[in-house]
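Chemist: turn this into a model:
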Amino acid sequence: MPSSLLLEVPALADFNKAWAELTDWLSLLDRVIKSQIVTVGDLDDINDMIIKQKAALQEFEQRRPQLEELITAAQNLKNKTSNQEARTIITDSIEKIQSQWDEVQGHLQSRRQQLHEMLKDSTQWLEAKQEAEQVLERAKVKLESWKEISYTVEALKKQNTELKQFSKELRQWQIHVDVANDMALKLLRDYSTDDTRKVELMTDNINTSWATINKRVSEREAELEAALRLLQQFYLDLEKFLAWLTEAETTANVLQDATHKERILEDTKEVRELMKQWQDLQTEIEAHTDIFHNLDENGQKILRSLEGSDDAALLQRRLDNMNFRWSELRKKSLNIRSHLEASSDQWKRLHLSLQELLAWLQLKDDELKQQAPIGGDLPTVQKQNDTHRAFKRELKTKEPVIMSALETVRVFLAEQPLEGLEKLYQEPRELSPEERAQNVTKLLRRQADEVKTEWDKLNLHSADWQKKIDEALERLQELQEAMDELDLKLRQAEVTKSSWQPVGDLLIDSLQDYLEKVKVSVEIAPIKENVNHVNDLAHQFTSSDIQLSPYNLNCLEDLNTRWKLLQVAIDERIRQLHEAHRDFGPTSQHFLSTSVQGPWERAISPNKVPYYINHETQTTCWDHPKMTELYQSLADLNNVRFSAYRTAMKLRRLQKALCLDLLSLSAACDALDQHNLKQNDQSMDILQIINCLTTIYDQLEQEHNNLVNVPLCVDMCLNWLLNVYDTGRTGRIRVLSFKTGVVSLCKAHLEDKYRYLFKQVASSTGFCDQRRLGLLLHDSIQIPRQLGEVASFGGSNIEPSVRSCFQFANNKPEIEAALFLDWMRLEPQSMVWLPVLHRVAAAETAKHQAKCNICKECPIIGFRYRSLKHFNYDICQSCFFSGRVAKGHKMHYPMVEYCTPTTSGEDVRDFAKVLKNKFRTKRYFAKHPRMGYLPVQTVLEGDNMETPASSPQLSHDDTHSRIEHYASRLAEMENSNGSYLNDSISPNESIDDEHLLIQHYCQSLNQESPLSQPRSPAQILISLESEERGELERILADLEEENRNLQAEYDRLKQQHDNKGLSPLPSPPEMMPISPQSPRDAELIAEAKLLRQHKGRLEARMQILEDHNKQLESQLHRLRQLLEQPQADSKVNGTTLSSPSTSLQRSDSSQPMLLRVVGSQTSETMGEDDLLSPPQDTSTGLEEVMEQLNNSFPSTRGHNVGSLFHMADDLGRAMETLVTVMTDDKALE
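Modeler: Numbering: from 1, shown residues only. Here you go, the predicted model:
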């Protein structure tokens, strides 16, 4: 749309935006409709898609008002504008979107109608398929029940009748298969745009099985007909063969009688005639050889069918008779030939016969060799087996001939005398009779031996070849069966795989069920066993020199490929389900994605740690956006001057933001036990933390439905725990750390928390050693450390706190819970933030019937601070925390804190305190210093305890690093107007404050106050002077000694150099002007150069240390000047400075403990920046006390001091009570 038109008609921009949004939504919906493909034949998938379509149609109808509003807006625009171009554009836009709306609506409705029709057709197809499968199953059972064909008339007729009946049933069952096929074709034709693979595969399986059944029936029918024909023809052929056998036997007998006539062999013509007759007989015998074998084979089949019957015995006798007569006929034929050949040239005929036999044996041996190698598939080997069976029949047929020839030769050689042999064997040259006889004998015997050897060898080779064929057949059949079984299982698995729904379409709650179904429905282990079995069988062929055929190799490759693809598909399916279950399942972090709103997005790093992406600024951060806002809001509390209260108020705000103020200790313990978090030394990953936090906040949501947002609270609490205990975002924190963080901020009595935390680190006997206590304190100190307040509580090194606890327990090796609780009641400095947090929580709703003397707030809400120096002087917590004071009141004056409304008894006690403090001098407070917590020494005391590596500490071994650290802290102190408590007092008091601070530091160094703690860098440097100065001097001495040793070494090397007559070495500061003249010179020069470099580094290091020493000396000189100044001031003023004191009182009730303080020490003892409060150089005399008493009682106004004494009687019992209280307090002191 032209920009000029938009300027002319501004409302068009909004119209175009709405039009574009609706058009985009319609286009997206149309694409979704087209992309939603269902599996035809899968009723569940179709029903799910129908539900989705119904939801889409409902959403479509819900958008109709938007279309109507757009049309109405378009009409209004057309009415308001006179621009014809704008009106045309609006009209075209409305027509387009109406057309698009109608088109999408039509697609939705047609798709819905199509899905309903598909559901109906799929249901009918599944029913027809089920009926067809039942028919197939019945047919398979019938096929398996078939028995082997029996060669009896009755059995054959019965089997034939059964087959015809089965064929009739198949024709009836064909209807079911046709119906299933017709329904499948309808599905394939009508719903080709959807996924029809399931229908195609199942239909192919049905048709293949049905075709196989019909083929088996046809083959069975042909076999029965052949068996019936064989049975009918067998007896006819047998009778015919026996008749021929009788004729042949008669011919053989006549011929045998003729050959045995006297002198028949001398008549050559007669012998030739007889030989011709024998050849005719032999031809007939050979012609009937196959007939004989067929009859014998078929007879054996019939015998097996007739086993046990009379017909079987009769047939057996007839077959035996036939075999015997056949053998006798062949023997007679051979004898006739042998006799006819026994003429004068008999040895020549024997020689030729043996040669023929040798040639035949060689031919058969070559033929046997040509049958090798073994085929690589079942049909080939079966054909080889048939060929070799025929070969073996030939050998069996030839065996009598060979045996007869060998026997004839043996008889001939035994019967013929030497004279006969001499006549038979005539050589061209003259030989002796003995030589001629020996030559004939050797020739025939050698040929006979060769025939015997070759015959035996041929039979042996034949037997070996048959053995190989049998083994190959058996193994190939086993391989084929294994391949068929594997193929069947793979096809079933592929059918199952094709029915899988896309993971994106699955319900989140059903992901685990689908995961189990994948593992169960496609049983990988059995298929894998089949695959391994097939591959092992195939490998055995390779090792046995049997080469599988290309067909078998292709089948194997196809099976392995399908198996690998199935594995990949299953692994990918399981991976997708696992990822979906991980990302969207009950144990995932998916439900936490709603904890942020746009433009923020919650993302997860590889170690499961969440981080947050701001798409608007294209930045990422570890902190939740709400956590970032919370941290920014905590900065508002930085104006609270006292660090313990500042830390406690930050933690209180954090506690409320995380809703941990609603969590009871018992509920927290139940959640921890539910997740079996008992091994405190073990670590938790992110999922374990989330699961435990989810359990906690789900319970809180049930109890406080409107206050707890579970995803937000879980994410925020996880964020805070990681910030405290896993700043490096490794994704793991210890169980003890998790418990410490949650329990510290939960809603429970303070001592119950102490008991629970102690129990976590105590042994099974209930005792705790230093190492375990150190772990607990380390995890606890991380909470204020994360807020940047750790320095106020003794720093990250918890070793002094551990030593303080065990010193409190008289240095026992282990402490029990009671001693730990007693020590914690003293509020040690490292843990004082926790009781202060409880007091802050208790004071939130406290309302005191008093008025703040500074801001005039009445009533005071929160903490109430009552002066113990002035009567009727109260300060609210806002004024006290900000350091505001009223005229006439000093910050160092003693005060008492209340977190609950005061009682009359407390009012009386405070009145007595005020009265006593009026009569006390500053020297009293100096002699009785008290602190509101238990301080611990934190600098250079002992070795570090065992703490996790994440605890940042200064190494006690690196002296120079510590000096730099302390020097930098001193510089910061001096930059802040020379007073470490500059922000806690008024400007005109800074000098006196600094004097008092230095005086306390000196008392600490002189061990006058063993409980005091060096906190500022100035005091630290003073305490270091006695220890570190000696160490620095020793380091300098060591460096000087090392320098002297290096110089001596250099002089020694130079002396050796000179003694060897080499050119003199230059002095250390010089450079080498010449090149060495030998390898030894090069070594010496290189060594000297290294020594000079090392010496230079040492000198530079000495210079740095000397500079550090000078800086320390200048700072110590300044401190000495500061130490001398308060003594001169005290002499001039005529008074002695006293240190402030603190006192700690606790309520006897079950409320959180109340901290009573003198002066501003209540809170300033909580931080290293406000540890002590300096007093002012003022003295209050009796006159000032009386004046304040006059001001405190209205009835005495206008009277002088003398008249006040006359009012003593009026005070009466009240004064007696005060005296009693004062006397009791002095006795206690």
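Chemist: quick one: pLDDT of Met1207?
Modeler: We have a pLDDT of 44 for Met1207.
Chemist: same deal with Pro610?
Modeler: pLDDT, Pro610: 91.
Chemist: so what's it up against?
Modeler: Residues counted as contacts of Pro610 (C-beta atoms under 8 Å, 6 or more residues apart in numbering) are 589, 592, 602-604, 686, 715, 718-719. From N, CA and C alone the C-beta is placed, and that goes for glycine too.
Chemist: go again using 6 Å as the cut-off
Modeler: 602, 604 (C-beta atoms under 6 Å, 6 or more residues apart in numbering).
Chemist: for it, name its beta-bridge partners.
Modeler: Beta bridges link Pro610 to Ile604, judged by DSSP bridges.
Chemist: gap between it and Gln597?
Modeler: Pro610 sits 15 Å away from Gln597 when distances are taken as C-beta to C-beta, to the nearest Å.
Chemist: kindly list the longest helix within the chain.
Modeler: The single longest helix within the chain, with elements called by DSSP state H, is helix 433-498.
Chemist: which other helices and strands contact that one?
Modeler: For helix 433-498, the elements it packs on are helix 197-259, helix 346-370, helix 378-415, helix 418-424, helix 524-543, helix 550-584, judged by 3 or more C-beta pairs under 6 Å, 6 or more residues apart in numbering; DSSP states H and E.
Chemist: tell me which of those helices lies nearest to Gly41.
Modeler: Gly41 sits nearest to helix 197-259 of all the helices and strands packed on helix 433-498, at 4.8 Å, using C-beta to C-beta.
Chemist: the closest one: what's the following helix or strand?
Modeler: As assigned by DSSP states H and E, the chain's next helix or strand after helix 197-259 is helix 268-287.
Chemist: redo the helices and strands packed on helix 433-498 as a markdown table? Include mean pLDDT and mean neighbour count.
Modeler: Output for the helices and strands packed on helix 433-498, formatted as a markdown table (pLDDT from 0 to 100; neighbours: other C-beta atoms under 10 Å):
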| stretch | mean pLDDT | mean neighbour count |
| --- | --- | --- |
| helix 197-259 | 86 | 15 |
| helix 346-370 | 81 | 16 |
| helix 378-415 | 82 | 15 |
| helix 418-424 | 43 | 15 |
| helix 524-543 | 82 | 14 |
| helix 550-584 | 83 | 15 |
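Chemist: for these, which one sits closest to Leu26?
Modeler: helix 550-584 (28.7 Å).
Chemist: nearest residue to His477 other than its sequence neighbours?
Modeler: That one is not His; residue 477 is Gln. Leu378 (6.5 Å; C-beta to C-beta, 6 or more residues apart in numbering).
Chemist: so how far is Tyr551 from that neighbour?
Modeler: Distance from Leu378 to Tyr551, by C-beta to C-beta: 10 Å.
Chemist: please apply the same query to Lys650.
Modeler: 81 Å.
Chemist: now Gln371
Modeler: Following C-beta to C-beta, the distance that separates Gln371 from Tyr551 is 20 Å.
Chemist: equivalent analysis for His539, please.
Modeler: For His539 relative to Tyr551 (C-beta to C-beta), the value is 18 Å.
Chemist: and if you look at Trp833?
Modeler: Separation of Trp833 from Tyr551 (C-beta to C-beta): 83 Å.
Chemist: could you do Tyr645 as well?
Modeler: 90 Å.
Chemist: can you name the next helix or strand after the host helix or strand of Ala648?
Modeler: Ala648 belongs to helix 643-657 when elements are defined using DSSP H and E. Remark: after helix 643-657, the chain's next helix or strand is helix 665-674, criterion DSSP H and E.
Chemist: helices or strands up against that next one?
Modeler: helix 686-703.
Chemist: what does the helix it packs on rub up against?
Modeler: 608-609, 662, 667, 671, 675, 708, 710, 713-714, 717-718, 731.
Chemist: again with stretch 481-490
Modeler: By C-beta under 6 Å, 6+ apart, stretch 481-490 touches 527, 530, 533-534, 537, 555, 559, 562.
Chemist: repeat that for 8 Å
Modeler: With contacts defined as C-beta under 8 Å, 6+ apart, stretch 481-490 is touched by 526-527, 530-531, 533-534, 537, 555-556, 559, 562-563, 566.
Chemist: just those residues now: which is nearest Ser35?
Modeler: Leu566 (26.6 Å).
Chemist: and that closest one, what does it touch?
Modeler: Leu566 makes contact with 490, 493-494, 497, 522, 527, according to C-beta under 8 Å, 6+ apart.
Chemist: and if we set it to 6 Å?
Modeler: Ala493.
Chemist: what packs against whatever helix or strand Gln130 lives in?
Modeler: Per DSSP H and E: Gln130 is located in helix 84-144. In terms of contacts (3+ C-beta pairs under 6 Å, 6+ apart), helix 84-144 is packed against helix 11-35, helix 43-62, helix 64-80, helix 153-190, helix 197-259.
Chemist: one step back: which of the contacts of helix 686-703 are buried, as a PyMOL select command?
Modeler: Only the buried entries of the contacts of helix 686-703 go into this PyMOL selection, using 16 or more other C-beta atoms under 10 Å:
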select buried, resi 608+609+662+667+671+675+708+710+713+714+717+718+731
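Chemist: looks like Cys876 contacts Ile860 (just checking).
Modeler: Yes. Using C-beta atoms under 6 Å, Cys876 makes contact with Ile860 at a distance of 4.7 Å.
Chemist: quick one: common contacting residues for these two?
Modeler: Cys852.
Chemist: and stretch 907-916, what's buried?
Modeler: Result for stretch 907-916 [16+ other C-beta under 10 Å]: buried residues 909-916.
Chemist: got JSON lines for these, with secondary structure too?
Modeler: What follows is the buried residues of stretch 907-916, written out as JSON lines (DSSP: H, G, I helix; E, B strand; the rest coil):
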{"residue": "Arg909", "secondary structure": "helix"}
{"residue": "Asp910", "secondary structure": "helix"}
{"residue": "Phe911", "secondary structure": "helix"}
{"residue": "Ala912", "secondary structure": "helix"}
{"residue": "Lys913", "secondary structure": "helix"}
{"residue": "Val914", "secondary structure": "helix"}
{"residue": "Leu915", "secondary structure": "helix"}
{"residue": "Lys916", "secondary structure": "helix"}
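Chemist: closest to Ile90 out of the residues you listed?
Modeler: Of all those, Ile90 sits closest to Asp910, with 82.0 Å by C-beta to C-beta.
Chemist: and that closest one, what does it touch?
Modeler: Arg866 are the contacts of Asp910 under C-beta under 6 Å, 6+ apart.
Chemist: just so I know, which of the helices and strands packed on helix 433-498 lies nearest Ser99?
Modeler: Taking those one by one with C-beta to C-beta, helix 197-259 is closest: 36.0 Å.
Chemist: the closest one relative to helix 84-144, how many degrees between them?
Modeler: 30 degrees (axes from the mean of the first three to the mean of the last three C-alpha atoms, to 10 degrees).
Chemist: and helix 197-259, what other elements does it pack with?
Modeler: helix 84-144, helix 153-190, helix 268-287, helix 289-305, helix 310-341, helix 433-498.
Chemist: looking at those, which is closest to Gln782?
Modeler: Closest among these, using C-beta to C-beta: helix 433-498, at 52.2 Å.
Chemist: what's near enough to touch the residue nearest to Gln124 when sequence neighbours are not counted?
Modeler: Excluding its sequence neighbours, the residue lying closest to Gln124 (C-beta to C-beta, 6+ apart) is Met183, at 5.7 Å. Neighbouring residues of Met183 by C-beta under 6 Å, 6+ apart: 124-125, 128.
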